[in-house]
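# here is a sequence with its predicted model. Questions after.
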Amino acid sequence: MIVEEIMKTDVHTLLPENTVRDAVRIMREKKIRHLPIVNGNNEVVGIVTEHDIKNALPSCLREEPNSTIYDAPIDDIMVKNPIVGHPLDFVGDVALTFYDAKISCLPIVSGGELIGIVTTTDLLYTYIELTGAHKPGSKIDIRVTDRSGVLFDVTKIFNNHKANVLSVLIYPDSENKENRILSIRLQVINPLAIIKDLRAQGFDVLWPNLPGITL
């Protein structure tokens, strides 16, 4: 999946000469937390987030009636030359950029101009949709040996039960580097029979863990 498929194209922006007051107003009115700052050619020159605004504004615990921060230009508090993305970037690569750079949004640029924005919320919704977490079903976590063909062996059992696989996530086992954890979401409401067959074939089912019930 590429960024173009998940980015928001209706992007609210400000110019560097707009004030902090303008940023506060538009964030409240539009219920947004990120504002790309552009120049007259719609080129990204900065970014302002809700966090930046909160850090810049006077504390409600201090009396600063003469504070002029509200009338200061955005240029004074914005993050200049922010990291930007391209509409053809892969979503996975963008997620890694968020993680490595510890950022919460990414302006999307094409031909030098701002055309969209991606936020952590967009990535979260994408993750939910890709994994099928929003659909009725069951999640089964299985500890397996890291060997060729193990996923095929597991899915054969699902096929025998005519269970539709919504998603498969594979991650390292924190207890043994020779193993992997398969986190599989099935379009099945009651997976008890499947779990019974998995265990009968020697697979270590970690979740659901059903104490007191012999499968």
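Nice, thanks for sending it over.
# ends of stretch 83-102, how far apart?
Across stretch 83-102, the terminal residues are separated by 11 Å (C-alpha to C-alpha, to the nearest Å).
# would you map the helices across the protein?
Using DSSP state H, the helices assigned to the chain run over residues 20-30, 50-56, 91-101, 120-131, 150-160, 192-200.
# output these as CSV; include the columns mean neighbour count and mean pLDDT.
For glycine as for every other residue, the C-beta is placed from the backbone atoms N, C-alpha and C. Putting those into CSV (neighbours: other C-beta atoms under 10 Å; pLDDT from 0 to 100) gives the following:
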stretch, mean neighbour count, mean pLDDT
helix 20-30, 15, 94
helix 50-56, 14, 90
helix 91-101, 14, 95
helix 120-131, 15, 92
helix 150-160, 15, 96
helix 192-200, 16, 95
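# which one of those lies nearest to T68?
Using C-beta to C-beta as the criterion, the shortest distance between T68 and these is 9.5 Å, found for helix 20-30.
# output that closest one in PDB with nothing but the alpha carbons.
Coordinates of the C-alpha atoms in helix 20-30 are reproduced here as PDB (Å, rounded to 0.1, in the frame of the first residue of the first chain):
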ATOM      1  CA  VAL A  20       0.200  31.800  16.800                       C
ATOM      2  CA  ARG A  21      -3.300  33.000  17.400                       C
ATOM      3  CA  ASP A  22      -4.200  32.000  13.800                       C
ATOM      4  CA  ALA A  23      -2.800  28.500  14.500                       C
ATOM      5  CA  VAL A  24      -4.700  28.100  17.700                       C
ATOM      6  CA  ARG A  25      -7.900  29.200  16.100                       C
ATOM      7  CA  ILE A  26      -7.700  27.000  13.000                       C
ATOM      8  CA  MET A  27      -6.700  23.900  15.100                       C
ATOM      9  CA  ARG A  28      -9.800  24.400  17.300                       C
ATOM     10  CA  GLU A  29     -12.200  25.100  14.500                       C
ATOM     11  CA  LYS A  30     -11.000  22.200  12.300                       C
END
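# what residues of stretch 110-119 count as buried?
Of all the residues in stretch 110-119, those buried under the rule 16 or more other C-beta atoms under 10 Å are 114-119.
# and that stretch, what's its mean pLDDT?
The average pLDDT for stretch 110-119 rounds to 98.
# gap between it and the chain center?
18 Å (C-alpha atoms, centre = their mean, to the nearest Å).
# domains of the chain?
Taking automatic domain parsing as the criterion, the chain consists of the domains 3-128, 135-207.
# what's near enough to touch M7?
Contact partners of M7, counting by C-beta atoms under 8 Å, 6 or more residues apart in numbering, are 87, 108, 115-118, 122.
# I figured E4 hits G85, correct?
No: judged on C-beta atoms under 8 Å, E4 makes no contact with G85 at a distance of 10.1 Å.
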